[in-house]
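S.K.: Sharing a model prediction with you, sequence too.
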Amino acid sequence: MKPHWDLILVGGGLANGLIAWRLHQQRPDLHVLMLEAGAQLGGNHTWSFHQDDITPEQHQWLSPLVAHRWQGYDVRFPALSRTLDNDYLSITSERFAAVIAPALGDNLLTQTAVSDVTPQSVTLADGQRLSAAAVIDGRGYQPSPHLTAGFQAFLGQQWQLSEPHGLTRPLLMDATVDQAAGYRFVYTLPLSTTELLIEDTHYIDRATLGSDRARQHIRDYAQQQGWKLAQLQREEQGNLPITLAGHHRAFWQAKAGQPCSGLRAGLFHATTGYSLPQAAALADLIAQQRDLTSSALFHLIQDYAERQWRRQRFFRLLNRMLFLAGRPERRWQVMQRFYRLNQGLIARFYAGQLTLIDMARILTGKPPVPVGEALRAVLKQTPRLRAFSDE
């Protein structure tokens, strides 16, 4: 293996995978090495997004990675059931690896542990040292004292059923289930007429979702829906950060010049935790960048992340209202009220492209949480916010 590369990508998840895929398309002359600690590129994940979350050009270059596409999706709440028309798409880690791994060829090393990463070098667990003009660290979310976050914690199971389930489109949120200690819903993707991905999902203060309890929730939910579970095909689990507040400049100063990507760079939708749209945009930016030295990439990514941080200020405000105002088991009321709004506004919300009129519309009317608590959460004056940082 050559000791020096144009670019080394540490971590073979979504963000670094899309960077590698876009560079393969746009800059095939570059010598790019990807290092993944797991057995395969992409791990064991499902990444989903809405039609309007990305540009037509991004749809085109991402299309080989898309495993499923549905026309519309449903949501259910105690006092609201609704179908929305916006298409919904999913990339599976299986498809992700099947497309990108052959493009990388021998320049993809799986089951390769890393002991140290710097902006221009990587030391492997066996002591071997590799160098590059730049190294991008994409090894997932890393807690930071400069970010205050709750979590969207989930456990998903993909099941083969013994009979057709009857769903024709995703059920993105079924919040008619017991709410437990936070906003809880079941998320279901129909992968075929007899296959379902069912996720037990919680918006909770700490990433403390119990696996056994979530598995039981899934079995109970399937029984309630009349679905006959036959064979468990796979299971995935995750904790997506939901940002409430933070000091973005200090967050990047702590990176000490190390280029990062994906969740490690704080690049995700502050309220949903979805990261694919920002990962695709970053891949485009890097593919267009002529100077791929570590310093140039660090400043490119930092500037992009700073723009996203400013754009998402309103989303962090909403998150504080969701997490800090009112009782956790009543958080579903906030989401039920949101899903009564205009379909175009909901699409712009997911795409992170709210207008000032949209923001005003979301905040208009009687809030579904106590007014005093809502104001303290908005102004960051509630002691519950400090508790997030202290624990």
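M.R.: Yep, it's here.
S.K.: Contacts only, for the closest residue to Asn16 other than its chain neighbours.
M.R.: Nearest residue to Asn16 in three dimensions, chain neighbours excluded: Gly138, at 3.7 Å (C-beta to C-beta, 6 or more residues apart in numbering). Where C-beta positions appear, they are placed from N, C-alpha and C, glycine not excepted. Listed by C-beta atoms under 8 Å, 6 or more residues apart in numbering, the contact set of Gly138 reads 9-11, 13, 15-16, 19, 260-262, 264.
S.K.: if we go to 7 Å?
M.R.: By C-beta atoms under 7 Å, 6 or more residues apart in numbering, the contact list for Gly138 reads 9-11, 13, 15-16, 260-262, 264.
S.K.: So which elements touch the lengthiest helix in the chain?
M.R.: For the chain, the helix with the greatest residue count under DSSP state H is helix 294-311. If contacts are counted by 3 or more C-beta pairs under 7 Å, 6 or more residues apart in numbering; DSSP states H and E, helix 294-311 sits against strand 129-137, helix 248-253, helix 276-288.
S.K.: Val99 is nearest to which of the ones you listed?
M.R.: Closest of the helices and strands packed on helix 294-311 to Val99 is helix 276-288, at 14.0 Å (criterion: C-beta to C-beta).
S.K.: Dump the closest one to CSV, restricted to CA.
M.R.: The C-alpha coordinates for helix 276-288 follow below in CSV (Å, rounded to 0.1, in the frame of the first residue of the first chain):
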residue,chain,number,x,y,z
LEU,A,276,-28.1,13.1,3.9
PRO,A,277,-28.9,16.5,2.3
GLN,A,278,-25.9,18.2,4.0
ALA,A,279,-23.7,15.2,3.2
ALA,A,280,-24.6,15.5,-0.4
ALA,A,281,-24.0,19.3,-0.5
LEU,A,282,-20.6,18.8,1.2
ALA,A,283,-19.6,16.2,-1.3
ASP,A,284,-20.4,18.6,-4.1
LEU,A,285,-18.4,21.4,-2.5
ILE,A,286,-15.3,19.2,-2.0
ALA,A,287,-15.6,17.8,-5.6
GLN,A,288,-15.6,21.4,-6.9
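S.K.: The chain should start at 810 in everything you say after this.
M.R.: Got it, the first residue is 810 from now on, which makes the last one we talked about helix 1085-1097.
S.K.: Output the below-cut-off pLDDT ranges for the stretch 1010-1159 of the chain.
M.R.: 1135 (pLDDT under 70).
S.K.: mind listing the helices for this protein?
M.R.: 823-835, 865-871, 902-913, 1020-1034, 1057-1062, 1085-1097, 1103-1120, 1122-1133, 1141-1147, 1152-1160, 1165-1172, 1180-1187, 1192-1199.
S.K.: could those helices be laid out in CSV, adding mean neighbour count and distance to Arg1043?
M.R.: Converted to CSV, those look like this (neighbours: other C-beta atoms under 10 Å; distance: least, C-beta to C-beta, whole Å):
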stretch, mean neighbour count, distance to Arg1043
helix 823-835, 24, 17
helix 865-871, 14, 23
helix 902-913, 19, 9
helix 1020-1034, 15, 13
helix 1057-1062, 16, 34
helix 1085-1097, 22, 20
helix 1103-1120, 17, 32
helix 1122-1133, 21, 30
helix 1141-1147, 19, 28
helix 1152-1160, 17, 26
helix 1165-1172, 14, 37
helix 1180-1187, 16, 38
helix 1192-1199, 13, 33
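S.K.: Compare these and give me the one nearest Gln1042.
M.R.: Comparing the helices of the chain by C-beta to C-beta, helix 902-913 comes nearest, at 10.6 Å.
S.K.: And the average pLDDT for that closest one is what?
M.R.: Average pLDDT, helix 902-913: 97.
S.K.: what's in contact with it?
M.R.: So helix 902-913 is contacted by 826, 829-830, 833, 843, 849-854, 873-874, 876, 917 (C-beta under 7 Å, 6+ apart).
S.K.: Kindly indicate the member of those residues with the most neighbours.
M.R.: The most neighbours of any of these, using other C-beta atoms under 10 Å, belong to Gly826, which has 33 neighbours.
S.K.: so how far is Leu823 from the residue nearest to that one when sequence neighbours are not counted?
M.R.: Nearest residue to Gly826 in three dimensions, chain neighbours excluded: Ile909, at 5.3 Å (C-beta to C-beta, 6+ apart). With distances taken as C-beta to C-beta, to the nearest Å, Ile909 is found 10 Å from Leu823.
S.K.: just Leu917 next, same as before
M.R.: 15 Å.
S.K.: cool, and Leu1091?
M.R.: 11 Å.
S.K.: quick one, strands of the stretch 860-1009 of the chain?
M.R.: Assigned by DSSP state E, counting those that start in this stretch, the stretch 860-1009 of the chain shows strands spanning 877-879, 882-886, 889-893, 897-901, 917-918, 923-927, 930-933, 938-946, 956-970, 980-983, 992-1001, 1004-1013.
S.K.: so which of the ones you listed gets nearest Gln1145?
M.R.: Using C-beta to C-beta, these put strand 882-886 closest to Gln1145, at 3.9 Å.
S.K.: Can you list the strands that the closest one pairs with?
M.R.: Each strand that pairs with strand 882-886, with its direction, by DSSP bridges: strand 889-893 (antiparallel), strand 980-983 (parallel).
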